[in-house]
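>>> Using only what follows, build the 3D model:
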Amino acid sequence: MSDAKSPAPQGGETAAEPPEVEVTIEVPRGSFLKRGSIGHIDFISPFPCPFNYGSVANYLGLEGDLLDALVLGPRLPFGTRIRVRAWGAVTQTDRGMVDDKLVCSAHPPTPAQKARVLRFFHFYARCKGLLNLLRGRPGRNACDGWCSAAMAIARARPRQESWKGPVVRY
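Residues are numbered from 1 along each chain as shown. Modelled structure (predicted):
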């Protein structure tokens, strides 16, 4: 067995830090109102949101809306803007469109927190599938698991100043 270790970073090199993003809270933890990125109420949930939920204003996700983000920790008021690290992302499919959700917090999420986030999004995908069916909006709805924040951000595109809101109705 070898004692060889990987080389230490050299002059100016650092280990990859999780990306830092600015999240605007649209749905405070515990809220029943699900708002979209332009502020309209999308639906009233029968269950309170277990996380602070919002978006990153300078990126558009693959479905054409602002890149979603959730912030772990205590409840943050609606409209709060917080600069926080993105430690990973959940890949969700909504009506057949990839809809990444960055998972952000002041500290890396514990395995239990990651499992709770994934459980929520598996449940949410089933509920959203039912809502989409009732609204006559076909397509696959599923939680496709965890990926790196860097991967989710790389799939997103920069938001242009001309962006006025999502082209797809939610």
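>>> Tell me which residue is most central in this protein.
Nearest residue to the geometric centre of the chain (Cα atoms, centre = their mean): Lys101, 1.9 Å.
>>> Tell me the bridge partners for it.
Beta bridges link Lys101 to Asp68, Val90, judged by DSSP bridges.
>>> So for it, what's the pLDDT?
Looking at Lys101, its pLDDT is 97.
>>> Pull out the buried positions in stretch 119-133.
Neighbour-count burial for stretch 119-133, counted by 16 or more other Cβ atoms under 10 Å, picks out Phe120, Phe121, Tyr124, Ala125, Lys128, Gly129, Leu131, Asn132. (Glycine included, C-beta is placed from N, CA and C.)
>>> Verify the stated contact: the residue nearest to the centre of the chain with Ala69.
Yes: contact criterion Cβ atoms under 8 Å: Lys101 and Ala69 qualify, at 6.6 Å.
>>> Neighbouring strands - and their directions - for the lowest-mean-pLDDT helix or strand in the chain?
Between all helices and strands in the chain, the lowest mean by mean pLDDT, DSSP states H and E belongs to strand 41-44, at a mean of 81. Here strand 41-44 is paired, per DSSP bridges, with strand 33-35 (antiparallel).
>>> ok so, going back, take the least confident helix or strand of the chain, keep the C-alpha atoms, and write them as PDB.
Output of strand 41-44 as PDB, limited to C-alpha atoms (Å, rounded to 0.1, in the frame of the first residue of the first chain):
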ATOM      1  CA  ILE A  41     -48.800  33.400  -7.100                       C
ATOM      2  CA  ASP A  42     -48.600  30.100  -9.000                       C
ATOM      3  CA  PHE A  43     -50.600  28.000  -6.500                       C
ATOM      4  CA  ILE A  44     -51.500  27.600  -2.800                       C
END
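>>> Residues contacting it, please?
Strand 41-44 is contacted from outside by Phe32, Leu33, Lys34, Arg35, Gly36, Leu131, Tyr170, using Cβ atoms under 8 Å, 6 or more residues apart in numbering.
>>> Fine, thanks again, bye for now.
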